[in-house]
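Asker: only the shape, not the letters, is given here:
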Ligand code: PEP
Ligand code: MG
């Protein structure tokens, strides 16, 4: 609150004292002002079936047990509320527990189960609807608002009944006019892709970290987002007026008019600054001491290549091809993939397009394929998945070689840990090329092949990989996750996710140095590359290739053009030799 009040006029900060102010991790800069759409798990498809007479008692018991579990969970949450939880939280949770124990709800549901022979989920949603309607028509504002609480407690019981913790938004009913703000417990990358089409002004989630794939997709949509908020879905109601400050990770709920006006001005100033930066689009990224830096873009879908080009990208440094595969029942075939890759290649008009082979697994799952691995981030992910599914890999490689005929495609292999994986991938590539040759399908077999450096083992023993590959791309998101043993999507350990850890920086520096000696280009395509706060540090590590979301390119380019690489390299090397933390303030101009 203090940080926020700092820049506000006195009258605004005074009226702000009564406004609910929530914090999380801001992942996309910018401001949004709009109305909340609280994504409700009540939109879950619930099963509707009639029970056999002999099953009624067991079903009532199943329902009562679920209610008991939900009430227990709520009480436990109240007891274990962290000190920094908003004051209202405990009260809200207790109200929810009371609602759940209300005979109006419990007995009526049991009645519906016996009278109409509805299954528990059906009976619960039916009764929930009746109650919500009763509350919604009440004259008293306070009581009317309880309809949202009813919906939330019903969701809680439905989730216990289903045994599933997944949430599926039903967005078909949402009519967006461009100023809606999505409020959700969590949004999977696949659901995020579904949300792309809508004109949402911001995303707020209880869970998630700054480099979770949800955050990455939000960034690619250039929509302000705050993740890891903890309580936002409980504290915000449908239709609430919200101000989102994506830089500071802050959300104001139902602010007074003076604060709204202040933020409208900030939003306008921010957009003006963005426009001014556009002048740098075609200026070269050269440091003050003449080091030329290569600036490329990360994309998730081929359409985004146009944004990359508009932002002055010199190529695509990372096309996360898995996003073509997610959120759909049938996987894209060879022709569909060929069209998608070709479309990006054509848009980039002769500039290199680095397409990463399928990186599925961990938090990015294919539709209908539940993650069953005990620890998916360490399981059958990315290249491991592709080598275990040779036909799926072959289809993608064929499509890539066909697309390469239209421009410089570079193939990037994710999650490599051994030379054997590279050899196996090269054999698969040779097979795809041979098949195309025999079938006389036009293609280009001579493509550059590079590897992601994102598993510590590879970064530590990088020399043979630098010899073997045409180029290297450092995936700092995963590298940090695996070096520090911090789940990149887990908000509870988000504070420990530390890009500035000397161990992480040493691995990046080592990779860059070895790549330089081997004469192989090295770039960073993880989120670090787009963080303007650490651009100088990356230059100090000797980095000359950056790949980031298109909208970050100009900010980073501006910073590069103000930096002296040599001076930075001396400072950074001295600190890393001693494995000391680097103070970013020491690198400032
Ligand atoms: C990375 O790990 O840094 C990376 C760029 O890949 P992804 O974020 O898709 O895992
Ligand atoms: Mg990665």
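Answerer: That came in fine, so what should we check first? Predicted, not measured: the structure shown is a model, and the values here were computed from it. Ligands and ions are numbered 1, 2, ... in the order given.

Asker: rest of the way, CA atoms for contacts and neighbours
Answerer: OK.

Asker: list the contacts for residue 441?
Answerer: residue 402 (C-alpha atoms under 8 Å, 6 or more residues apart in numbering).

Asker: next up, the contacts around residue 99.
Answerer: Contacts of residue 99 by C-alpha under 8 Å, 6+ apart are 105, 150, 153.

Asker: before we move on, which element is the second one in?
Answerer: In other words, residue 150. Applying DSSP states H and E as the criterion places residue 150 in helix 141-162.

Asker: can you tell me how far the residue of the stretch 451-589 of the chain found nearest ligand 1 is from residue 453?
Answerer: Nearest residue of the stretch 451-589 of the chain to ligand 1 (C-alpha to the nearest ligand atom) works out as residue 475 at 2.9 Å. For residue 475, the distance to residue 453 equals 6 Å [C-alpha to C-alpha, to the nearest Å].

Asker: cool, and residue 22?
Answerer: From residue 22 across to residue 453, the span is 36 Å (C-alpha to C-alpha).

Asker: cool, residue 281 as well?
Answerer: Applying C-alpha to C-alpha, the value for residue 281 to residue 453 is 29 Å.

Asker: what of residue 400?
Answerer: Residue 400 is 21 Å from residue 453, by C-alpha to C-alpha.

Asker: next one: residue 122
Answerer: For residue 122, the distance to residue 453 - C-alpha to C-alpha - is 50 Å.

Asker: same thing with residue 72?
Answerer: Relative to residue 453, and taking C-alpha to C-alpha, residue 72 is found at 45 Å.

Asker: so between these two, which is more surrounded?
Answerer: Higher neighbour count among residue 72 and residue 453: residue 453, with 31 against 13, using other C-alpha atoms under 10 Å.

Asker: which stretches in the stretch 401-550 of the chain count as helices?
Answerer: Per DSSP state H, counting those that start in this stretch, the stretch 401-550 of the chain carries helices over the ranges 419-438, 456-460, 463-468, 476-484, 502-518, 535-540.

Asker: and those helices: which comes nearest residue 113?
Answerer: Proximity to residue 113, assessed across these by C-alpha to C-alpha, is greatest for helix 476-484 (48.0 Å).

Asker: what residues does the stretch 351-500 of the chain have near ligand 1?
Answerer: By C-alpha under 6 Å from any ligand atom, the residues of the stretch 351-500 of the chain that approach ligand 1 are 454, 475, 476, 477, 478.

Asker: farthest-separated two in these?
Answerer: 454 and 477 (7.6 Å).

Asker: when these two are compared, which one has more neighbours?
Answerer: Legend: neighbour count by other C-alpha under 10 Å for residue 454 and residue 477, higher for residue 454 (26 against 21).

Asker: any stretches of the stretch 251-400 of the chain with poor pLDDT?
Answerer: Along the stretch 251-400 of the chain, the parts satisfying pLDDT under 70 run over 367-373.

Asker: return the nearest residue of it with respect to ligand 1.
Answerer: For the stretch 251-400 of the chain, C-alpha to the nearest ligand atom, closest residue to ligand 1: residue 320, 6.3 Å.

Asker: report the beta-bridge partners for that residue.
Answerer: Here residue 320 sits in beta bridges with residue 356, going by DSSP bridges.

Asker: identify the residues contacting it.
Answerer: 298, 299, 300, 301, 355, 356, 357, 358, 359.

Asker: ok, so of the residues you listed, who is nearest residue 234?
Answerer: Top of the list for closeness to residue 234, among the contacts of residue 320 and by C-alpha to C-alpha, is residue 300 at 31.2 Å.

Asker: for the closest one, which non-adjacent residue is spatially closest?
Answerer: Once flanking residues are discounted, residue 300 sits nearest to residue 320: 5.0 Å by C-alpha to C-alpha, 6 or more residues apart in numbering.

Asker: distance of the one you found relative to residue 357?
Answerer: Residue 320 sits 8 Å away from residue 357, taking C-alpha to C-alpha as the criterion.

Asker: close enough to count as contact, residue 60 and residue 118?
Answerer: No - taking C-alpha atoms under 8 Å as the definition, residue 60 is not a contact partner of residue 118, at 10.2 Å.

Asker: higher neighbour count, these two?
Answerer: Neighbours were counted for residue 60 and for residue 118 using other C-alpha under 10 Å; residue 118 has more, 24 against 21.

Asker: now do the SS call for residue 37.
Answerer: What DSSP: H, G, I helix; E, B strand; the rest coil gives for residue 37 is strand.

Asker: pull the number of nearby residues for it.
Answerer: 22.

Asker: that one: what's it in contact with?
Answerer: Contacts of residue 37 by C-alpha under 8 Å, 6+ apart are 180, 181, 182, 183, 237, 238, 239.

Asker: just the buried residues from those residues, in ChimeraX please.
Answerer: The buried residues among the contacts of residue 37 can be selected in ChimeraX (16 or more other C-alpha atoms under 10 Å) with this line:
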select :180,181,182,183,237,238
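
Asker: narrow the contacts of residue 37 to those in strands?
Answerer: For the contacts of residue 37, the ones inside strands are 180, 181, 182, 183, with DSSP state E as the criterion.

Asker: could you export those as TSV, including distance to ligand 1 and pLDDT?
Answerer: Shown next, in TSV, are the ones in strands among the contacts of residue 37 (distance: C-alpha to the nearest ligand atom, whole Å; pLDDT from 0 to 100):
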residue	distance to ligand 1	pLDDT
180	27	87
181	25	91
182	23	89
183	23	91
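
Asker: many thanks, we can stop here.
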